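**Q** With the sequence up front, the predicted model follows.
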Amino acid sequence: MKKIRYIFCSALALLGFSSCVDNGDSAGETYHQLTVVSDLPEEVQNGEGEMITGQFRYTELNTGRTGAYALPQYDPFTLPAGLYDIECSATVAYTSSQGTRIERSLRAVQRSLELASAKTVTLDWFFYDATNSLVFSEIYATGSLNATATGGIRDTYIRIYNNTSETIYADGIGIAESAFVNARTNTFEILTEANDRQVNFTAGTIWVIPGSGTDYPIAPGESIKLVDQAINWNEQVAGGLDHTDADFEWVDDHAMDTDNPAVPNLEKWYCYSNTIWVISNQCNRSYALVKFPEGMTAEQYLAEYRGTYDYISAVGSQMTNDKAYLIPNDWILDGVNMGNLETWVRGALGDGLDISYASVSDIARDPERFGRLLARRVASTDSGVEILMDTNDSSNDFFITSPR
């Protein structure tokens, strides 16, 4: 997806700011002008886009002060000197290349913006789905401590939650792990345009829930649990989880793996590993929930979406990796980057899917990371049903807790 740049305070700009509401005392403070430049999706400009509504929200990190500007408006504005997190949302209408009028949501995020003098900031706007559907509610990637307290066991799991008011069928939904690792030593310069994370998710592993379309309903506020091995791990290691209640397990055709015949297996469409796949217990990859196009089979997908890419390695050599497949971002229902403060550079997901990352630890290979679960926060409750937070900002959406 190409971007087109505009300055908000220009008379020709699509977006701008007005109507500031601030909850702090501004007496005696120094203000500075903030000029905002916008990188907008190409579709919006080519389709003569116009804003319907929007909002610019800020938080000054030192004082906790918050404020908001309504959109659209084209005049520049000022803020007190400080360190800011900025979040913007908007609804735009534009005409597609097929002549159809489309309304879509845009979002932009800027973290830790220092405003000590007049400044210009660029906001990279991206499309996002403002309506929640199926989301990752829990990711237990580290596993519980083993008997010698030297590592994790394979009682890992993923929980998928229906974040809507209607029943959703899980049949055919894919769970994909990134081929790219979200760590500094593995952040290569990707040379192949198709592997641009703002366009496609480059997957190294894809599991798919079986079913003919209506076999596996998930009611509003309910979830399903996907596990590595559907056994009672507590019988093997004290403190292990009992996964005999799992809805699905991922099973590799390998002597090292165990299959519980009472629990349905996920379909393995692809995996980079020639042995068994385990979810990253270093918690430094990205995960996506995927809704494939109607009627797509594994054979068709693997034939049409090969994700071989060229890249520059850490030592400067040009190399090729053919153990990857492409998932268009428009197919992704939910995405979560995982990482840590010590090695984080960027996520494998496009910004429209996750602008940050969820973390079980600030450092890589933290021996204390085992037994830590990433769980999604509750945003609200509607008629007794919990609505989980889904801002496409995993540092905001998830917290660390104990597995259940």
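**A** Nice, thanks for sending it over.
**Q** Quick check: which element contains the closest residue to residue 103 other than its chain neighbours?
**A** Closest residue to residue 103 apart from its sequence neighbours, by C-beta to C-beta, 6 or more residues apart in numbering: residue 93 at 4.9 Å. C-beta coordinates here come from the backbone N, C-alpha and C atoms, glycine included. Element membership for residue 93 (DSSP states H and E) is strand 82-95.
**Q** Count the residues that sit near the residue nearest to residue 103.
**A** Using other C-beta atoms under 10 Å, residue 93 is surrounded by 15 other residues.
**Q** Now that we're looking at it, what pLDDT does it have?
**A** What the model reports for residue 93 is a pLDDT of 92.
**Q** do residue 186 as well
**A** Residue 186 is given a pLDDT of 74.
**Q** tell me, how many neighbours does it end up with?
**A** 14.
**Q** quick one: it and residue 229, what's the gap?
**A** Separation of residue 186 from residue 229 (C-beta to C-beta, to the nearest Å) stands at 27 Å.
**Q** and what of residue 250?
**A** According to C-beta to C-beta, residue 250 and residue 229 sit 9 Å apart.
**Q** do the same with residue 177
**A** Going from residue 177 to residue 229 by C-beta to C-beta gives 17 Å.
**Q** is it true that residue 217 touches residue 166?
**A** No - if you go by C-beta atoms under 8 Å, residue 217 and residue 166 don't touch, sitting 10.3 Å apart.
**Q** Between the two, tell me which one has more neighbours.
**A** residue 217 (14 against 8).
**Q** Quick check: bridge partners of that one?
**A** Per DSSP bridges, the residues bridged to residue 217 are residue 169.
**Q** show me where pLDDT drops low in the chain?
**A** For the chain, the stretches flagged by pLDDT under 70 are 1-27, 73-76, 130-132.
**Q** Walking through it, point out its helices one by one.
**A** Ranges of helices in the chain, per DSSP state H, are 42-46, 298-304, 394-397.
**Q** wait, what's in contact with residue 178?
**A** Shown in contact with residue 178 (C-beta atoms under 8 Å, 6 or more residues apart in numbering): 201, 202, 203, 204, 285, 286, 287, 288, 348, 349.
**Q** give me the number of residues near the nearest residue to it once chain neighbours are set aside?
**A** Closest residue to residue 178 apart from its sequence neighbours, by C-beta to C-beta, 6+ apart: residue 348 at 3.6 Å. Using other C-beta under 10 Å, residue 348 is surrounded by 28 other residues.
**Q** shouldn't residue 348 be in contact with residue 200?
**A** No - counting by C-beta under 8 Å, residue 348 stays clear of residue 200, with 10.4 Å between them.
**Q** Tell me how many other residues crowd residue 194.
**A** Counted with other C-beta under 10 Å, residue 194 comes out at 15.
**Q** Could you do the one 3 residues further on as well?
**A** As a burial measure, residue 197 scores 20 neighbours (other C-beta under 10 Å).
**Q** Over to the one 10 residues further on?
**A** Here the number of neighbours of residue 207 (other C-beta under 10 Å) works out to 24.
**Q** Write down the beta-bridge partners of it, one by one.
**A** residue 175, residue 268.
**Q** Check the contact between it and residue 267; I expect there is one.
**A** Yes - using C-beta under 8 Å, residue 207 is in contact with residue 267, at 6.9 Å.
**Q** that older thread, pull out the buried members of the contacts of residue 178.
**A** Buried by 16 or more other C-beta atoms under 10 Å: 201, 202, 203, 204, 285, 286, 287, 288, 348, 349, out of these.
**Q** ok, residue 61 touching residue 84?
**A** Yes - counting by C-beta under 8 Å, residue 61 does reach residue 84; the two are 6.9 Å apart.
**Q** Could you check which of these two is surrounded by more residues?
**A** Legend: neighbour count by other C-beta under 10 Å for residue 61 and residue 84, higher for residue 84 (22 against 15).
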